[in-house]
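Peer 1: Output the structure for:
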Amino acid sequence: MNTNLDCMSVSGGLGAKPVVRVQKASLTRSIAVAVHDPRNGPARPAALASVLVVLGLGVVGCSSVPLTEAGSLTSYSRLGPEEGRITKSRSFADGPALLAGTSVTIEPAKIAPGAAVRVKGRAQERLVANALDRALCIGLSDRFRVVPPGEPADLTVRATITDIVPTGEVAAGVSKVASLGSSAVLPVSLPRLPIGLGGLAVEAEAVDAAGQQHAAIVWSRGANSITNSPRVSEIGDAYGLAGTFAGEFSRMLVKGERRGGINLDIPSGQRLKSQLGGAPKYAACDAFGRAPGVGGFVASAVGAPPSWADKPAAK
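Peer 2: Residues are numbered from 1 along each chain as shown. Model prediction:
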């Protein structure tokens, strides 16, 4: 078996289906042989696990999602150049104005028409948007006082989901079953199959009471086979990446600048409490429901759809 494989790139964009590149045929043949060898009959789970481990050592699957502008920002002219390879972004931050603010309100995230057609049903869209809003609210609570929409605030934050690359549910299910089944026979967890990876693209801004923009970002990221656990849902990856985006944008507003690299900040007490399903620091965050907490961690661990544990607050 040839294991000298490069990163498999899954590209997606508005109105386009993800396209798997590089060695897809070889990967498919390898898995097929493991699942059913005509000489030996159906393979045991351990045989499939062994194949996936070998593949995982040589392949890193990565979904590439292009930056997308939906026209929802007040201005795009102050955005910097595109940065990043895994996470792509263009951003702008008016540090002094952001650090001078003490209160913030969060408008419910919108779904651009091009993103809405990528998933089935408004309930799915709402889960992704609500997860983004809730994570923003929790992150911004580290420094800002969060107030409900309509009340006076120094800053108003609004986001638009510009693209959702659906997760391949079959590939996610196979990956999760192989991973769970191999835990009894292998000392390491299996990597996720580098196919069927989803992604997310978002644009967001923070404006003052007069509508002047003080921060903005156009952001996109695709799932990868190492750090993103598969969930059997077309929004499985987008749901998880919504929290990733919210963490980056809220940190930019709290710090007054965009910081690259790995975030090494220790989560605050209020953030940990809220992420575990406890009451948020500010009642305004209850508009987005409580985080799934331990139930959410368990659901993610077994690959269950986000809807199994996440119940957004009634609007």
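Peer 1: For residue 246, see how far away residue 220 is.
Peer 2: 14 Å (C-beta to C-beta, to the nearest Å). In this view, the C-beta of every residue, glycine as well, is placed from N, C-alpha and C.
Peer 1: what about the closest residue to residue 139 other than its chain neighbours, how many residues close to it?
Peer 2: Leaving aside its chain neighbours, residue 139 sits nearest to residue 250 (2.9 Å; criterion: C-beta to C-beta, 6 or more residues apart in numbering). Each residue near residue 250 was counted by other C-beta atoms under 10 Å, and the total is 25.
Peer 1: Checking my notes, residue 250 in a helix, right?
Peer 2: Yes. Assessed with DSSP: H, G, I helix; E, B strand; the rest coil, residue 250 lies in a helix.
Peer 1: you'd agree it is up against residue 140?
Peer 2: Yes. Between residue 250 and residue 140 there is a contact at 4.9 Å, judged by C-beta atoms under 8 Å.
Peer 1: still on that earlier bit, any idea how far the residue nearest to residue 139 is from residue 144?
Peer 2: Using C-beta to C-beta, one gets 9 Å for the distance from residue 250 to residue 144.
Peer 1: Between residue 220 and residue 246, which is the more surrounded one?
Peer 2: More crowded of residue 220 and residue 246, by other C-beta under 10 Å: residue 220, with 28 against 25.
Peer 1: what residue ranges in the stretch 51-200 of the chain score low on pLDDT?
Peer 2: 51-60, 180-189 (pLDDT under 70).
Peer 1: now the helices for it?
Peer 2: Ranges of helices within the stretch 51-200 of the chain are 95-100, 113-116, 122-140, 169-182, based on DSSP state H, counting those that start in this stretch.
Peer 1: Tell me which residues are up against the second one.
Peer 2: In this case it means helix 113-116. Outside of helix 113-116, the residues within contact range by C-beta atoms under 8 Å, 6 or more residues apart in numbering are 14-15, 68, 70, 125, 161-164, 201.
Peer 1: Narrow those to those in strands?
Peer 2: Counting by DSSP state E, these place 161-164, 201 in strands.
Peer 1: Skip the chain neighbours and tell me the closest residue to the residue at minimal distance from the centre of the chain.
Peer 2: In the chain, the centroid-proximal residue (C-alpha atoms, centre = their mean) is residue 241; its distance is 0.7 Å. Spatial nearest neighbour of residue 241, excluding adjacent residues (C-beta to C-beta, 6+ apart): residue 200 at 4.1 Å.
Peer 1: Check residue 271 too.
Peer 2: Nearest residue to residue 271, sequence neighbours excluded (C-beta to C-beta, 6+ apart): residue 138, at 5.7 Å.
Peer 1: what about the one you found, neighbour count?
Peer 2: Per other C-beta under 10 Å, the neighbour tally for residue 138 reads 28.
Peer 1: With residue 128 instead?
Peer 2: Using other C-beta under 10 Å, residue 128 is surrounded by 25 other residues.
Peer 1: And for residue 170?
Peer 2: By the criterion of other C-beta under 10 Å, residue 170 has 12 neighbours.
Peer 1: let's number from 43 now, not from 1
Peer 2: Right, with 43 as the first residue, what we last looked at is residue 212.
Peer 1: Report pLDDT for the residue nearest to residue 181.
Peer 2: Looking at residue 292, its pLDDT stands at 97.
Peer 1: how close does it get to residue 329?
Peer 2: Look at residue 292 and residue 329: by C-beta to C-beta, they are 16 Å apart.
Peer 1: same thing with residue 248?
Peer 2: Distance from residue 248 to residue 329, by C-beta to C-beta: 18 Å.
Peer 1: quick one: which of these two has more around it?
Peer 2: residue 248 (27 against 20).
Peer 1: what does the model give that one for pLDDT?
Peer 2: pLDDT for residue 248: 98.
Peer 1: Surely it is within a helix?
Peer 2: No. Residue 248 is assigned strand when assessed by three-state DSSP, not a helix.
Peer 1: check contacts around residue 340.
Peer 2: By C-beta under 8 Å, 6+ apart, residue 340 lies in contact with residue 351.
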